[in-house]
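Colleague: Next input, structure requested:
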Amino acid sequence: MEKFLKKKFAIVGLGLIPGRFPEHTQRTLQAEAAHLAIEDAGLKPSQVNGAIDLQLAPGSGTPPVETDAFPRILGLPTRMFFQIGRGGTAGIMGIMAASKFLEVGMADYVVLSYGAKDWSRSRGPQKTGIRSIEKAGHWGKPFGDMAAVSHHTFFASRHMHEYGTRPEAFGEIAVAQRAWAQLNPQAQMYGRPLTLDDYMNSPMVIDPYRTLDMCLINDGGMAFVLTTAERARDLRKKPVYVYGVGTGEAMERLWWEKANYTQLAVQSAKEIAFREADISIEDVDFAGLYDCFTAEVLFQVEDYGWCRKGEGGDFVANGGIGPGGKANINTSGGLLSAYYFGELTHIAEAITQLRGEAGARQVKDARIGMATGHGGEILAPGMCSTHATLVLGRD
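Modeller: Below is the predicted model of the structure:
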């Protein structure tokens, strides 16, 4: 079967600015990330004629929040520009869309960019980092579902009930990712190591989740440039090729089925992406697994096949996914310990690893990496979420 994606398109530029920027707007951060990505690729703005605004808010994206779009700020001669979003899968879905525009010749280079002001907003009158519209359904604020952590604990608790998973398993994930963050100077938790005792002594938020089970928030931006493999060969940086993309939906099953509480919609996403890439899980040198909360990592370790269902706790024990462990997972520190840009955090790390630019955390001889995304709830209490798999590689 002919492959639509494998090695036909490549990421050639990366712009990454995580941090706290109260003096900047979301639009200027997004524009600056795009500017850095274009510069990183060795391109001129006049060459970039496609752009995609990535939206990572819950659900299916959000209305525009600025008076103009980032391509206008940069003076890009865009032939096509639109927003794309579905929770933490916007970047992967953006690659799917941009690839088609490149294939039909509507663009030569497409810059995909995201800007965040979550940390600054959390310090303002609204006191919230991510806007969310309450959805009608059986569950909601009257039943105590006040924030994402409320319904995500359903998953963790069910896994504990079904498989005897201990709270320490979630702590092992937090500790392992913090260990990776100690090797990443851009990580928010760089220089702040974590032990399992620290985790177990941290405040309980909603049982079984503690403060250290939850992802970070920050300001900043992330952008990357996608083009055809032919154009990529003549540019400044080593191309990072798109090997495969796949998506899945929890709505494949009825939302109240208990299986939805102990796994993510990985099966079809993995199958499609791995088939396109001609790989198995044994070929993956490192992976960025979407980690809005610790249990999501545990589920994916099982669902992608590093171990069997219910054995994730044993797999992550004793630094199993940390530096020197059984699998190189969330090597940047991830959303838990590096910075929060949805699955763009993991895409940025995959690009960095495959270029051989990861410094002290570099995975030796890394040739194939994976990034996953999760989110996009469309039903309360969030049982109908999308999942996406992206496989990237190098020559």
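
Colleague: can you tell me how far the closest residue to residue 286 other than its chain neighbours sits from residue 111?
Modeller: Excluding the flanking residues, the one nearest residue 286 by C-beta to C-beta, 6 or more residues apart in numbering is residue 328, at 3.9 Å. Just so you know, the C-beta spots here come from the backbone N, C-alpha and C atoms, and that holds for glycine as well. Separation of residue 328 from residue 111 (C-beta to C-beta, to the nearest Å) stands at 29 Å.

Colleague: What of residue 13?
Modeller: For residue 13, the distance to residue 111 - C-beta to C-beta - is 8 Å.

Colleague: Need the overlap of contacts for those two.
Modeller: 37, 38, 223, 224, 225 (C-beta atoms under 8 Å, 6 or more residues apart in numbering).

Colleague: ok, back up a step: might you report the residue contacts of the residue nearest to residue 286?
Modeller: Contact analysis of residue 328 by C-beta under 8 Å, 6+ apart lists 285, 286, 287, 321, 363.

Colleague: again, but for residue 189
Modeller: 178, 181, 182, 216, 333, 337, 338.

Colleague: Can you report how many residues neighbour the nearest residue to the second one once chain neighbours are set aside?
Modeller: Right, the one you point to is residue 181. Leaving out its chain neighbours, the residue that sits closest to residue 181 by C-beta to C-beta, 6+ apart is residue 333, at 2.9 Å. Counted with other C-beta atoms under 10 Å, residues neighbouring residue 333 total 28.

Colleague: so residue 333 sits right up against residue 191, yeah?
Modeller: No. In this structure, residue 333 is not within contact of residue 191 by C-beta atoms under 8 Å, at 11.5 Å.

Colleague: follow-up on the earlier one: now the residue nearest to residue 286: how far from residue 215?
Modeller: On the measure of C-beta to C-beta, residue 328 and residue 215 end up 20 Å apart.

Colleague: mind checking how far residue 28 is from residue 83?
Modeller: Distance from residue 28 to residue 83, by C-beta to C-beta: 18 Å.

Colleague: Which ones among the contacts of residue 328 lie within strands?
Modeller: In this view, the contacts of residue 328 that belong to strands under DSSP state E are 286, 287.

Colleague: And the spatially most central residue of the chain, what's its pLDDT?
Modeller: Residue closest to the mean C-alpha point of the chain, counted by C-alpha atoms, centre = their mean, is residue 343 at 1.0 Å. At residue 343, the pLDDT value in this model is 96.

Colleague: What about the closest residue to residue 13 other than its chain neighbours, how many residues nearby?
Modeller: Excluding the flanking residues, the one nearest residue 13 by C-beta to C-beta, 6+ apart is residue 41, at 3.0 Å. Neighbourhood size, residue 41 [other C-beta under 10 Å]: 27.

Colleague: do the one 4 residues further on as well
Modeller: By the measure other C-beta under 10 Å, the count of residues near residue 45 is 16.

Colleague: How about the contacts made by it?
Modeller: Contacts of residue 45 by C-beta under 8 Å, 6+ apart are 35, 38, 74, 75, 76.

Colleague: Can you give me the pLDDT of it?
Modeller: So, for residue 45, pLDDT stands at 97.

Colleague: Let me see the contact set for the residue nearest to residue 91 when sequence neighbours are not counted.
Modeller: Distances taken as C-beta to C-beta, 6+ apart place residue 344 nearest to residue 91, at 4.7 Å, with adjacent residues excluded. With contact set as C-beta under 8 Å, 6+ apart, residue 344 has these partners: 54, 56, 90, 91, 114, 222.

Colleague: which ones are touching the last one?
Modeller: This means residue 222. Residues near residue 222 by C-beta under 8 Å, 6+ apart: 15, 16, 17, 18, 33, 113, 114, 341, 344, 345, 347, 348.

Colleague: same deal with the second one?
Modeller: For residue 56, the contacting residues are 85, 87, 88, 90, 114, 116, 341, 342, 344, 375, taking C-beta under 8 Å, 6+ apart as the criterion.

Colleague: how far away is it from residue 320?
Modeller: Taking C-beta to C-beta, one finds residue 56 at 29 Å from residue 320.

Colleague: now the fifth one
Modeller: Residue 114 sits 31 Å away from residue 320, taking C-beta to C-beta as the criterion.

Colleague: wait, isn't residue 361 in contact with residue 331?
Modeller: Yes. Counting by C-beta under 8 Å, residue 361 does reach residue 331; the two are 5.2 Å apart.

Colleague: Just give me the residues shared between the contact sets of the two.
Modeller: Both residue 361 and residue 331 are contacted by 180, 183, 184, under the criterion C-beta under 8 Å, 6+ apart.

Colleague: Sort out for me which of those residues are in helices.
Modeller: residue 180 (DSSP state H).

Colleague: Any chance of JSON lines for the shared contacts of residue 361 and residue 331, columns neighbour count and distance to residue 264?
Modeller: Listed next are the shared contacts of residue 361 and residue 331 as JSON lines, based on neighbours: other C-beta atoms under 10 Å; distance: C-beta to C-beta, whole Å:
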{"residue": "180", "neighbour count": "27", "distance to residue 264": "21"}
{"residue": "183", "neighbour count": "17", "distance to residue 264": "27"}
{"residue": "184", "neighbour count": "23", "distance to residue 264": "25"}
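
Colleague: and the shared contacts of residue 361 and residue 331 as a markdown table, adding distance to residue 159 and pLDDT?
Modeller: Output for these, formatted as a markdown table (distance: C-beta to C-beta, whole Å; pLDDT from 0 to 100):
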| residue | distance to residue 159 | pLDDT |
| --- | --- | --- |
| 180 | 23 | 98 |
| 183 | 29 | 98 |
| 184 | 28 | 98 |
